[in-house]
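In: sequence and predicted model, in that order:
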Amino acid sequence: MEWGSVFAQGLDYREFLAAHATPDQRNRWQAVYDKVAFSPEQRELLAGFVREMRVLCIAGAWCGDCVNQCPIMARIGEQNPKIAVRFVDRDVHAAAQDAALMNLGRRVPAVVFLSEDDAECGRYGDRTLATYRQMAADRLGPACPTGIVPPGAALMEAVTSEWVGQFERIQLMLRLSKRLREKHGD
């Protein structure tokens, strides 16, 4: 898969919602977006990223897991201009979705992390560990949440922390890359 080409077709957060979400879905995403909060340490960490990283999120505006996570990714991207987050609709970009299958399923959100020159650095997605732990503890509710009710504060904090950790992992990979260190002279 030519991830750089897919990334180039991606939309920023607001463009994605304008193109693919109903008014009710936009309201659900906004409710989560408004609740995303970073600790001072997380803000400092994200602001300190020096390598450009491209983050491609394959999502569905209708998907509860996307409602609960994509606004976090958008907010992370707002913390540093070196972080470019783009969203594509999984049905519009079916080939990209098929290239990012998880457990042989078209699960979303599916995130592909890219370097500045579009080399794939990693993938993450569908749900964070904190979300799976909560689902296992609850053993109730739908298999795919609706996104009607935003996650509670503790889960939101844990999921945000896990996403920040994934962005940090890729940033460290990029910073320590021999290829990129030679290119940037550091």
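Out: Thanks, I have it.
In: phi, psi of Arg107?
Out: With angles defined as degrees, to the nearest 10, Arg107 sits at phi -90, psi 140.
In: can you dump the C-alpha coordinates of the lengthiest helix in the chain into CSV?
Out: The residue-count maximum for a helix in the chain (DSSP state H) belongs to helix 153-176. Below are the C-alpha coordinates for helix 153-176, written out as CSV (Å, rounded to 0.1, in the frame of the first residue of the first chain):
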residue,chain,number,x,y,z
ALA,A,153,-13.1,10.7,33.0
ALA,A,154,-10.8,7.9,34.2
LEU,A,155,-11.2,5.9,31.0
MET,A,156,-10.7,9.1,28.9
GLU,A,157,-7.5,9.9,30.8
ALA,A,158,-6.2,6.4,30.3
VAL,A,159,-7.0,6.3,26.6
THR,A,160,-5.5,9.7,26.1
SER,A,161,-2.3,8.6,27.9
GLU,A,162,-2.1,5.5,25.7
TRP,A,163,-2.4,7.4,22.5
VAL,A,164,0.2,10.0,23.7
GLY,A,165,2.4,7.0,24.4
GLN,A,166,2.0,5.6,20.9
PHE,A,167,2.8,9.0,19.4
GLU,A,168,5.9,9.2,21.6
ARG,A,169,7.0,5.7,20.6
ILE,A,170,7.0,6.7,17.0
GLN,A,171,8.7,10.0,17.6
LEU,A,172,11.5,8.2,19.4
MET,A,173,11.7,5.8,16.6
LEU,A,174,12.1,8.7,14.2
ARG,A,175,14.6,10.5,16.4
LEU,A,176,16.8,7.4,16.7
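In: where along the protein do the strands fall?
Out: Per DSSP state E, the chain carries strands over the ranges 53-59, 83-89, 110-114, 120-125.
In: looking at those, which is buried most?
Out: When the strands of the chain are scored by mean count of other C-beta atoms under 10 Å, the highest mean neighbour count falls to strand 53-59 (a mean of 25). In this view, the C-beta of every residue, glycine as well, is placed from N, C-alpha and C.
In: next, the angle from that strand to helix 153-176.
Out: With axes from the mean of the first three to the mean of the last three C-alpha atoms, to 10 degrees defining the directions, strand 53-59 sits at 140 degrees from helix 153-176.
In: got a list of contacts for strand 53-59?
Out: Residues from elsewhere that reach strand 53-59, judged by C-beta atoms under 8 Å, 6 or more residues apart in numbering: 3-4, 6-7, 10, 16, 66, 70, 73, 77, 82-90, 93, 96-97, 100, 108-116, 118, 121, 125, 167, 170-171, 174.
In: what angle sits between the helix or strand bottoming out on mean pLDDT in the chain and helix 153-176?
Out: For the chain, counting by mean pLDDT, DSSP states H and E, helix 129-138 ranks last in confidence among helices and strands (a mean of 82). Here helix 129-138 runs at an angle of 150 degrees relative to helix 153-176 (the same axes, to 10 degrees).
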